[in-house]
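Asker: I'd like to go over a predicted model; first the sequence, then the structure.
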Amino acid sequence: MIRNLGPSRVAEPVRIAILSDIHGNIEALEAVLKRFGELGSIDSYVCLGDIVGYGAEPEACCSRIRELAKVTLLGNHDAAVAGRMDYSYYYDAAREALDWCLGQLSAENLAWLKALPYTHREGHVFYSHGSPLNPADYDYIFSTDQARGLMTIFEELGDVTFIGHSHLTKVFALSDEDAFDVVAPKFRLKDGMKYIVTVGSVGQPRDYDPRACAGLYDTEKREFQYVRVDYDIESQRQKILEAGLAQNFGTRLLLGV
């Protein structure tokens, strides 16, 4: 069952900018925000979590999201740094990066992370960092088989559920009988279907496209599109090296993997 649904209320038509998996990459975050500014009026910003981890500026990213986002969720890396989950089983470099992040955060930002919710619902839109089925478990959804697993809670889902976590750009449409891939950079919701949309990663894309990635959703048109933007990867890569974090965290930014 879906847990920690959070408040639900009918929303006015808005254009929502949806960010996820920033991972301490302030260059990518600022580039995405600049691009949203160029696209016209944005009524609301939502962050699906994982503001920290891997990148070199967790404090700056937390502060920026705190001042900007109407809704911010707790990602697994945020939960680890905030002491809300055990991350002893993470591989060494990731665990060391989270330990380092903890030392970089102000008391205010750490307290903010500790208080973030797992999910949020507003009108026909639902938000979760990972799978909305037991969201505190942070399960992935990157295949149709995993999407089919949500058919057990079909009636409880929003018309569209936005998730992050995998750093991919995967979309699935669910009927009450099956799940299907949707392959399109921009699409409208169809009546009778429910959608699971992975919005990609701002700070560490893994879909073989190194550009920062986020999503834009129009609640009136019921239309979603991916937003991709180039940013100064080399600057963030150098900061990662200078901070003493794993070299791979910077190298993978060049490749988008």
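Answerer: On my side now, so go ahead.
Asker: tell me the pLDDT at the closest residue to Leu116 other than its chain neighbours?
Answerer: Using Cβ to Cβ, 6 or more residues apart in numbering and skipping residues adjacent in sequence, the residue nearest Leu116 is Leu74, 3.9 Å away. Using the backbone N, CA and C atoms, a C-beta is placed for each residue, glycine as well. We note a pLDDT of 98 for Leu74 in this prediction.
Asker: what distance do you get for Leu74 to Ala214?
Answerer: Note on Leu74: its distance to Ala214, by Cβ to Cβ, to the nearest Å, is 19 Å.
Asker: dump the residue contacts of Tyr231.
Answerer: Glu27, Ala28, Glu30, Ala31, Val32, Arg211, Ala212 (Cβ atoms under 8 Å, 6 or more residues apart in numbering).
Asker: what do you get for Gly24?
Answerer: Per Cβ under 8 Å, 6+ apart, neighbours of Gly24: Ile51, Val52, Gly53, Tyr54, Gly55, Ala56, Glu57, Pro58, Cys61, Cys101, Gly203.
Asker: mind checking which helix or strand the residue lying farthest from the centre of the chain is in?
Answerer: Here the chain reaches farthest from its C-alpha mean at Glu177, the gap being 27.6 Å by Cα atoms, centre = their mean. Using DSSP states H and E, Glu177 is not contained in any helix or strand.
Asker: what about the residue nearest to it when sequence neighbours are not counted, how many neighbours?
Answerer: In space, and not counting its chain neighbours, Glu177 is closest to Met151: 7.9 Å by Cβ to Cβ, 6+ apart. Met151: 16 surrounding residues under other Cβ atoms under 10 Å.
Asker: check Asp230 too.
Answerer: Counted with other Cβ under 10 Å, Asp230 comes out at 11.
Asker: could you dump the contacts of Gly24 to CSV with distance to Ala17?
Answerer: Compiled in CSV, the contacts of Gly24 are given as follows (distance: Cβ to Cβ, whole Å):
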residue, distance to Ala17
Ile51, 15
Val52, 20
Gly53, 21
Tyr54, 22
Gly55, 20
Ala56, 24
Glu57, 20
Pro58, 21
Cys61, 15
Cys101, 24
Gly203, 15
